[in-house]
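Enquirer: give me coordinates for this.
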Amino acid sequence: SLIDSLRPYYPASNRAAMLRDISIDLQRTQKNKISIKYISDTGLQQAEVPTYEIEELQMYYWHKVNVNEKSYKLLDANIGYVTLANIMKKDIPEIKTTFKNTRGIVIDIRNYPYSSAISLASYFVNEATSFVKFTIGNPNNPGEFIFLEGQKIKSDNVDYKGKLVILVNENSQSASETIAMAFKATKNAIIIGSTTAGANGDISHIPLPGDLKTAISGIGMYYPNGKETQRVGIIPDIVVKPTIKGIKNGKDEVLERAIKIINQQ
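Expert: As a prediction, the model looks like this:
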């Protein structure tokens, strides 16, 4: 009932993005404490809990990451892991060298990339590869849209033998989704997680009366075969969502599944 009552006030390209945004706001308040009822292993409980300014919470925010931490590391069983949340351009050559002989590489795009990482996809193709095309409006003939081919992934001519697993969820939006499309076009790539926000494409800002503003995706984004991504999102090859049990136990079940997939090869 809360979702139904709030739905008209949350602009979102798809249901995944709408639920993401509503969930952040469900317990907003001007009070210093709120009383909540919750279900635990021992049944229904009630507690009074303090509230915090949103800036104090370790929640998802674009670009608000610790850039002093490395964006990549080697996991057990010789598996490489890369997060785009704090990736820098200088990391990409190091990643390609460090993970050359790994059994597989996990690329975590459940975030917004700190810098463009499309050039990392060149590590996984043997020839120039298309991954996107888009439409733009013709200002001389309003209502007409023209298809244009997007950039191609250039090849590093490295015959990487391992699997590539890409992690996505509702926090994957805009540039994150376009980068996921690029990795999806490479060989041996599998996308796992849950549907992304369905809102990639350049941002067009629209000023409104009353000092208000809004924005839309300014160009249409498509796979090379013409399949849409906007209002749809990147659909995982394998759907994996966190569970209450996994969260309580501090597990990253999506990453765990990625590791299992690589170990099964």
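
Enquirer: from residue 171, how far off is residue 203?
Expert: As judged by Cβ to Cβ, to the nearest Å, residue 203 and residue 171 stand 17 Å apart. In short, each C-beta sits where N, CA and C put it, glycine included.

Enquirer: number of residues surrounding residue 32?
Expert: Neighbour count of residue 32, defined by other Cβ atoms under 10 Å: 8.

Enquirer: and for residue 122?
Expert: Residues contacting residue 122 under the criterion other Cβ under 10 Å number 20.

Enquirer: wait, what's in contact with it?
Expert: Applying Cβ atoms under 8 Å, 6 or more residues apart in numbering to residue 122 gives the contacts 153-156.

Enquirer: same check on residue 224?
Expert: So residue 224 contacts 130-133, 185 (Cβ under 8 Å, 6+ apart).

Enquirer: just the buried ones from those residues, in ChimeraX syntax?
Expert: A single ChimeraX command selects the buried members of the contacts of residue 224 (16 or more other Cβ atoms under 10 Å):
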select :131,132,133,185
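
Enquirer: now do the helices in the stretch 1-150 of the chain.
Expert: Here the stretch 1-150 of the chain has its helices, by DSSP state H, counting those that start in this stretch, at 2-6, 15-25, 91-98.

Enquirer: which parts of stretch 100-116 are buried?
Expert: Buried-residue list, stretch 100-116, by 16+ other Cβ under 10 Å: 102-115.

Enquirer: the closest residue to residue 149 other than its chain neighbours bridge partners, please.
Expert: Of all residues beyond its chain neighbours, the one nearest residue 149 is residue 133 (5.1 Å), with distances taken as Cβ to Cβ, 6 or more residues apart in numbering. Following DSSP bridges, residue 133 is listed with bridge partners residue 149, residue 222.

Enquirer: wait, residue 133 sits on residue 222?
Expert: Yes: contact criterion Cβ atoms under 8 Å: residue 133 and residue 222 qualify, at 5.2 Å.

Enquirer: list the residues that contact both of these two?
Expert: residue 147.

Enquirer: follow-up on the earlier one: let me have the contacts of residue 224 in TSV, extended by distance to residue 144.
Expert: Listed next are the contacts of residue 224 as TSV, based on distance: Cβ to Cβ, whole Å:
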residue	distance to residue 144
130	24
131	25
132	21
133	17
185	28
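
Enquirer: state the pair within the contacts of residue 224 that is farthest apart.
Expert: Pairwise distances among the contacts of residue 224 were taken by Cβ to Cβ; the largest, 11.8 Å, belongs to 133 and 185.

Enquirer: keep only those of the contacts of residue 122 that are in strands.
Expert: Counting by DSSP state E, these place residue 153 in strands.

Enquirer: just the buried members of the contacts of residue 122?
Expert: 153, 155-156.

Enquirer: pull the contacting residues for the closest residue to residue 185 other than its chain neighbours.
Expert: Leaving aside its chain neighbours, residue 185 sits nearest to residue 131 (3.7 Å; criterion: Cβ to Cβ, 6+ apart). Contact analysis of residue 131 by Cβ under 8 Å, 6+ apart lists 121, 150, 152-153, 181-182, 184-185, 223-224.

Enquirer: would you say residue 206 is within a strand?
Expert: Yes: Residue 206: assigned to a strand according to DSSP: H, G, I helix; E, B strand; the rest coil.
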